[in-house]
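Novice: this is a predicted model, with the sequence first.
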Amino acid sequence: MKAAAKTPRRPAVKKPSNPSLKDPVGVYCRVRPLSRPDQECCIEVINETTVQIHPPDGYRIFRNGEYRETQYSFKEVFGTLVVQKELFDVVAKPLVEDLIRGKNGLLFTYGVTGSGKTHTMTGSPGDGGLLPRCLDMIFNSIGPFQAKRFVFKLDDKNGVDVQCEVDALLERQKRDAMPVPKTPSGKRQIDPEFADMINVQDHCKVEEVDEDNVYSVFVSYIEIYNNYIYDLLEEAPFEPIKPKWNNCNTPVRNGDFIPPQSKILREDQNHNMYVTGCTEVEVKSTEEAFEVFWRGQKKRRIANTQLNRESSRSHSVFIIKLAQAPLDADGDNVLQEKEQITLSQLSLVDLAGSERTNRTKAEGNRLREAGNINQSLMTLRTCIEVLRENQMYGTNKMVPYRDSKLTHLFKNYFDGEGKVRMIVCVNPKAEDYEESLQVMRFAEMTQEVEVARPVDRPLCGLTPGRRFRNQAFREELSRKLEMRGGPINGETEEQSVSEMFLQNFPPLPSCELLDVNDDQTLPKLIEVLEKRHKLRQMLSEEFAKNVLAFKTMLQDFDSSIVSKENYIQGKLSEKEKTIAGQKMELERLEKKIKTLEYKIEILEKTATIYEEDKRNLQQELESKSQKLQRQASDKRRLEARLQGMVAETTMKWEKECERRVAAKQLEMQNKLWVKDEKLKQLKAIVTEPKNEKPERPSRERDREKPVQRSVSPSPAPNAPPVRLRHRRSRSAGERWVDHKPPSNLPTETVMQPHVPHAITVAAASEKALAKCDKYMLTHQELASDGEIETKLIKGDVFKTRGGGQAVQFTEIETLKQESPTGRKRRSSPSNPDPPEGAADSEWTDVETRCSVAVEMRAGSALGPGYQHHAQPKRRKP
Ligand code: ADP
Ligand code: MG
């Protein structure tokens, strides 16, 4: 996964005033091998441009609860197997090429202590780093074109002067005569520990070195510690000076190690920063340059030990300056024009460890130092941040270069022009995880900063190929001279030519005039001089001829070269066009890649969110199903318990019911038995002769007497209602037609209407009527209270004149059932005030459950009587 929310890199931002092109800072990453194979690793190289960093085991980032892996992309990533040479070819070689073409470059290593910054920059024994390799390449390239020592002279304002070879020679002689303990040309003693480092044996060189130039290399080596700049090449004073105060505010005593004095920074007319009074040593070979470096390195070590400093907290800056100037038109000497000199520099910076203070557990002075280092690296970060912001959003914030010496020194690389490259060193061990993460973030941000591409220096305007022509001329001359005066044997070309001339010239006689009258010396001298003059003229003529011949030869050569150049130029422009097209395509593809990477990042994030959701839901589901299972088992248990209880209760109730039923049956049997008894008694009463009436209270008996009297065979239309007794009087000789329609329902009353000697018919029948003189219709209907009301409609049968039968209805008797509980004495409208207790006392006697009210509407209650279903019980006296 990529680092969170990366800012897409923008295309080159051009200031309107400065149309020059810009290049992003080239950031490379080098992953060193683990020290021990059993160490835990937290960084992997994914591909040539990407590294992935993940939190080590036992280390969890609970940011959104995620275990995050982060990927960082760089211009190129070098894994543990990458050798110094490979790194040099990719990262440093282009900087050396630029240096030789007169352009500035800055290369720094950044990382935690122990991540391999020094290993990368300086190298380890037997495995030279970038610095010795850069020096080697420079000298391999400019070796044959180097100026004599002191032809170029650096001034104290970061500028350079040129002087003629004679002056340079004089200065060399003067220096050689000085009592310097060790001269650059003297015997060098390189520390055996680092002897191997310079033995890079790469034979790497820049292909297109301007051969018409002369070159000189100067090196300086400074250290920035505690925001002070020290010159590591400064010669220590010959003898200890008077006690004074060093930068650490401790007095320096005689015999003590004298700490170097800090230097100040200045800006030159080209806005480049330089260290004033800094020692710059002109070097002529890789060995010499490295020896100078090693001198400074030793001094640094001594200072660290003596002042109890932590070496990882200082920045070391090794500056290689290259002065170059064109040869004059003859291709013989350096052009003596200051404006034609180009001075370029390559700064190789081994930065202090980027770790935070708390990690080193520094105290006191150390803490202050650490704080300062922190501050200087922090200023570097801030500057990069502000620069990036200004470039991306077109703002014009002030970049705080001046806040630290480190950033101030390199200000013009970022503000002005120059190629800047950074190597981020990381140790993949787990302990460095957090620090490495910081380093990666800074590095990634750095590559979004763009610096102006250095412009090509102007051409000097002289014909190219001067050095070659001059050389060819010299060779030709010596050849000619050889032909004339024998072989030239000499140490150098210059020496041999002058010697040859001197041999051809007649020797000068003694020129000393001791006597006034001497008249021989002068004429001899004149003669010799004349001879010499003639010889010289001859030689000059010969020379002029030779020159002419050579010139024509050269012109031919020139024209052929020009035509070839034109051809090559044509080819080149063609190739450039193709390259430009390819570059555009590349840029487009890069942009596409970025977009796709961004999309992938988003998709990965979404996927993680979904996975998280899924996990949560699954957990929820599991807990719910567990809960359900628990509930089901609870339910089953409860059911079993309830079933047990129900069975128990049912059994109990069944037993109880059986017990009750048995009790009831017993009770009923008893009752039945009592009723049977009663019925028997009633039967006995009924079957008794008429005079043997049951005994009744005298009052009731008295009351019945008039009723009995009123019963007569003829119907009395307005006869008073008669309370029927259980046995009605019957007029002898009357025959009844008992008409009972088949739809009638049997009533459950104890007393049932009963007509003796009647002809019972289901439908009206004339035959029956002819035989009888009384008619009774039993009619049933539903009363308003839902009970069946049975009406006995009675009438007399007449013989009609035509010989038929007619019935005249005389009376309606209504029979009705009532609930004994809700029973109230009801009176029929025809009998509003019946004698109290008459029928009541009589019927309750027989049957308590129901009663029968008999109402006489019209006529007497003669005719049919009522017969008990059950025998009425005789009332107890
Ligand atoms: P730094 O300068 O960042 O503090 P060093 O360059 O001193 O770290 O490296 C610490 C140790 O690790 C040294 O012993 C060095 O030889 C070793 N080392 C660093 N990088 C590599 C590498 N790429 N290959 C092998 N050894 C390395
Ligand atoms: Mg180091």
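Specialist: Arrived safely, thanks for sending. Ligands and ions are numbered 1, 2, ... in the order given.

Novice: after whichever helix or strand residue 106 is part of, next one along is what?
Specialist: Residue 106 belongs to strand 105-111 when elements are defined using DSSP states H and E. Using DSSP H and E, the helix or strand that follows strand 105-111 towards the C-terminus is helix 117-121.

Novice: so does the strand holding residue 106 get close to ligand 1?
Specialist: Yes. Strand 105-111 lies within reach of ligand 1 by CB under 6 Å from any ligand atom, at residue 111. No exception for glycine: its C-beta is placed from N, CA and C like everyone else's.

Novice: so, in contact with ligand 2 or not, that strand?
Specialist: No. Where contact is defined by CB under 5 Å from the ion, no part of strand 105-111 touches ligand 2; the two come within 8.3 Å at best.

Novice: and residue 810, that's in a helix?
Specialist: No. Assignment of residue 810 by DSSP: H, G, I helix; E, B strand; the rest coil gives strand, placing it outside any helix.

Novice: how about low-confidence regions in this protein?
Specialist: With pLDDT under 70 as the threshold, the chain has low-confidence stretches at 1-20, 58-67, 179-200, 236-259, 357-374, 484-505, 688-733, 747-751, 817-877.

Novice: looking at it, which residue lies furthest from center?
Specialist: When distances to the mean C-alpha position of the chain are computed (CA atoms, centre = their mean), the maximum falls on residue 801, with 126.7 Å.

Novice: Provide the secondary structure category for that residue.
Specialist: At residue 801, secondary structure determined by three-state DSSP is coil.

Novice: before we move on, what about residue 319?
Specialist: strand.

Novice: and it, how many neighbours?
Specialist: Residue 319: 20 surrounding residues under other CB atoms under 10 Å.

Novice: which parts of this protein sit against ligand 2?
Specialist: By the criterion of CB under 5 Å from the ion, the positions of the chain lying close to ligand 2 are 117, 118.

Novice: with adjacent residues omitted, what lies nearest to the closest residue to ligand 2 within the chain?
Specialist: Taking CB to the ion, ligand 2 has its nearest neighbour within the chain at residue 118, 3.2 Å off. Distances taken as CB to CB, 6 or more residues apart in numbering place residue 350 nearest to residue 118, at 5.6 Å, with adjacent residues excluded.

Novice: that neighbour pairs with what?
Specialist: Assessed by DSSP bridges, residue 350 has beta-bridge partners residue 109, residue 316.

Novice: and the longest helix for this structure?
Specialist: helix 521-687 (DSSP state H).

Novice: how far does that helix sit from the chain's center?
Specialist: Averaging C-alpha coordinates over helix 521-687 and over its chain gives two centres that are 10 Å apart (CA atoms, centre = their mean, to the nearest Å).

Novice: which residues does the residue of the chain closest to ligand 2 contact?
Specialist: Applying CB atoms under 8 Å, 6 or more residues apart in numbering, we find residue 118 in contact with 109, 129, 350.

Novice: can you do 10 Å?
Specialist: Going by CB atoms under 10 Å, 6 or more residues apart in numbering, residue 118 touches 109, 124, 129, 131, 311, 312, 316, 350, 425.

Novice: got those residues as TSV, with neighbour count and distance to residue 508 columns?
Specialist: As requested, the contacts of residue 118 are exported to TSV (neighbours: other CB atoms under 10 Å; distance: CB to CB, whole Å):
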residue	neighbour count	distance to residue 508
109	25	65
124	16	64
129	25	60
131	27	56
311	17	66
312	19	70
316	25	60
350	24	62
425	27	70
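
Novice: ok, the residues you listed vs residue 140, which is closest?
Specialist: Each of these was checked against residue 140 using CB to CB; the closest is residue 131, at 15.0 Å.

Novice: report the inter-axis angle for the helix or strand hosting the closest one versus strand 105-111.
Specialist: Assigned by DSSP H and E, residue 131 belongs to helix 130-142. Angle, helix 130-142 to strand 105-111, by axes from the mean of the first three to the mean of the last three CA atoms, to 10 degrees: 160 degrees.

Novice: how far does helix 130-142 sit from its chain's centre?
Specialist: Helix 130-142 sits 45 Å away from the centroid of its parent chain (CA atoms, centre = their mean).

Novice: pick out the residue in the protein sitting closest to ligand 1.
Specialist: residue 116 (2.7 Å; CB to the nearest ligand atom).

Novice: run through the residues that contact that residue.
Specialist: Residue 116 makes contact with 30, 31, 32, 33, 80, 109, 124, 129, 423, 425, 426, 427 under the criterion CB under 10 Å, 6+ apart.

Novice: pretty sure residue 413 sits against residue 380.
Specialist: No. Using CB atoms under 10 Å, residue 413 is not in contact with residue 380; the gap is 11.9 Å.

Novice: picking up where we left off before, ok, which pair from the contacts of residue 118 is furthest apart?
Specialist: Greatest spatial distance in the contacts of residue 118: 131 and 312, 17.8 Å, computed using CB to CB.

Novice: thinking again about what came up before, closest to residue 49 out of the contacts of residue 118?
Specialist: residue 425 (16.8 Å).

Novice: tell me which element residue 518 falls in.
Specialist: Under the assignment here (DSSP H and E), residue 518 is part of no helix and no strand.
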